[in-house]
Every structure is written in C-alpha cells, then in structure tokens.
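A.B. asks: return atomic coordinates for the entry below.
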Amino acid sequence: MKKTDVSKMPRGGRASVAEVKARLSEYVARARAGEETIITDRGRPVAKLAPLSGTAEEEGRVAELVRGGLARAPGAPFDHQLLRAGRPADAEGRSLALVLGERAEGW
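C.D. replies: Numbering: from 1, shown residues only. Below is the predicted model of the structure:
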C-alpha cells in the first residue's frame, strides 16, 4: 500500500462527496494524521471524516513514531504503579545537568 504524504496535499477542511470518493485513501491518511474534513454534497455539509479518539488514536500515533524511527516500541506493558511512587530527591541537580548535556549533544 502506497503511503500518502499528507503534508503535500492541499488543505481546506472541506471536500465534495465526489472528491472524497475519488481520493478516499488520501482523505483517510489526513484523518490518520489528525485532520478533520467536512464532506459536502452540492455545497452543503453532510458528514465529517475525523480521526478516532482514544486508545486507537494513541496507538496509531505511537506506531507512526516507531515506524519513523522517533520512538521504540515498549518491551513490556507500562506499570501504572510507577506513577504513584514517590520521586527521588536530587539536591545537587545532577539529573538536570544530564538532561542539559543530552540536549547539547542533540538528543
């Protein structure tokens, strides 16, 4: 399946039924990228093509980042207990120094 580069497609947010029918894959790619399109019939809005919200949308974004080499797929399910755990103290600010060092290196 050919991947559509939605950044090169004209924007506008509206398309006729005939236009969407002729280029459905491209409009689905737009929706996948987060864009909503109002579909018109003889100039009157009749439907909206929009991205799914919730888990499916989030999973699609993660998969796209992984395919693009911008993220790695998780090796194990996320442990939500980590969010409830206390944060370690860093009185000397070493973690900030490490983050700033990584940013300076281009991370």
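A.B. asks: who touches the helix or strand hosting Glu59?
C.D. replies: Here Glu59 sits within helix 55-67, counting by DSSP states H and E. With CB atoms under 8 Å, 6 or more residues apart in numbering as the contact definition, helix 55-67 has outside contacts at Arg32, Pro51, Leu52, Ala71, Arg72, Ala73. From N, CA and C alone the C-beta is placed, and that goes for glycine too.
A.B. asks: kindly provide the distance from the residue nearest to the fourth one when sequence neighbours are not counted to Ala73.
C.D. replies: The reference is to Ala71. Spatial nearest neighbour of Ala71, excluding adjacent residues (CB to CB, 6 or more residues apart in numbering): Leu65 at 3.9 Å. Here Leu65 is placed at a distance of 10 Å from Ala73 (CB to CB, to the nearest Å).
A.B. asks: neighbour count winner among those two?
C.D. replies: Set Leu65 next to Ala73 and count neighbours by other CB atoms under 10 Å: Leu65 wins out with 13 against 8.
A.B. asks: ok, Ser95 to Gly101 distance?
C.D. replies: 11 Å.
A.B. asks: doesn't Pro45 lie inside a helix?
C.D. replies: No. Checked against DSSP: H, G, I helix; E, B strand; the rest coil, Pro45 lies outside a helix; its state is strand.
A.B. asks: averaged over its residues, what pLDDT does stretch 80-94 have?
C.D. replies: With pLDDT averaged residue by residue, stretch 80-94 scores 84.
A.B. asks: whichever of the contacts of helix 55-67 end up buried, select them in ChimeraX.
C.D. replies: Paste this into ChimeraX to select the buried members of those, with burial taken from 16 or more other CB atoms under 10 Å:
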select :32,51
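A.B. asks: so after the helix or strand of the chain with the lowest mean pLDDT, what's the next helix or strand?
C.D. replies: Sorting the helices and strands of the chain by mean pLDDT, DSSP states H and E puts helix 55-67 at the bottom, at a mean of 79. As assigned by DSSP H and E, the chain's next helix or strand after helix 55-67 is helix 81-84.
A.B. asks: before we move on, the earlier item: report the distance from the least confident helix or strand of the chain to the chain centre.
C.D. replies: How far helix 55-67 lies from its chain's middle: 6 Å, per CA atoms, centre = their mean, to the nearest Å.
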